[in-house]
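# pasted the sequence and its predicted model underneath.
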Amino acid sequence: GGRGGGGRKRERDKTDVEDKSERRDLHDKKRAKAKASSGDRSAHTGKVRCFHILKKHKKSSRPVSWDKSPVTRTLEQAREEIKSFMEMFESVEGEELIEVFKATAMEESDCSSRKRGGDLGEFEFTKMKKNFSEVAFNLEVGKVSGIVETSSGVHVILRWTPL
């Protein structure tokens, strides 16, 4: 009898190895699927250059402005402020638009990029929050976005020519 038991044990070991390999395949497939569904990030190749203005609000991930002062405005107030900037930008274009946008960012943005007129430089899709990048990458050069909300706050984005 000892021989038969040994054979069964060997089969069981082989099955364990197969189970592990199937689990690994499944895990790899799940990872690939998760990566693919994480917003078609790979579809957005290259970089874009954008300027933005950020208005934080009480529920922002870091409700503190660039000068370390606490942010007390509501989400609705942040949206209203961004809307007022967007209305101002509607009446200008080209070089005048970039100048007005930069001046407004320097004056009004809660982001530290304010010191560069809101210039975020060139960035890849994966470097910013997903909904921010989706808007930035789909904007035409020289155009201003609608309201973009992220956990950081409420933004308006201007896509500009690469550096």
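Here it is on my side, so go on.
# any low-confidence regions in the protein?
Within the chain, the segments meeting pLDDT under 70 span 1-43.
# cutoff 90 now
Scanning the chain for pLDDT under 90 picks out the ranges 1-45, 65-67, 161-163.
# pick out the residue nearest the middle of it.
Centroid check for the chain by C-alpha atoms, centre = their mean gives residue 129 as the closest residue, at 1.4 Å.
# contacting residues around stretch 95-105?
For stretch 95-105, the external contacting residues (C-beta atoms under 8 Å, 6 or more residues apart in numbering) are 51-53, 85, 88-89, 92, 111, 113-114, 117-119, 142, 144, 158, 160. The C-beta positions use only the backbone N, C-alpha and C, and glycine is treated the same way.
# just how off-centre is it within its chain?
On the basis of C-alpha atoms, centre = their mean, to the nearest Å, stretch 95-105 is displaced by 23 Å from the centre of the chain it belongs to.
# just the CA coordinates of that stretch, formatted as CSV?
What follows is stretch 95-105, C-alpha atoms only, in CSV (Å, rounded to 0.1, in the frame of the first residue of the first chain):
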residue,chain,number,x,y,z
GLU,A,95,-2.4,86.7,-26.0
GLU,A,96,-4.9,88.9,-24.2
LEU,A,97,-6.6,85.8,-22.7
ILE,A,98,-3.3,84.4,-21.4
GLU,A,99,-2.4,87.7,-19.8
VAL,A,100,-5.8,88.1,-18.1
PHE,A,101,-5.8,84.5,-17.0
LYS,A,102,-2.3,84.8,-15.5
ALA,A,103,-3.1,88.0,-13.7
THR,A,104,-6.3,86.5,-12.3
ALA,A,105,-4.5,83.4,-11.2
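# show me what counts as buried in it.
Residues of stretch 95-105 classed as buried by neighbour count (16 or more other C-beta atoms under 10 Å): 97, 98, 100, 101, 102, 104, 105.
# please flag which of those sit within helices.
Members of these lying in helices (criterion: DSSP state H): 97, 98, 100, 101, 102, 104, 105.
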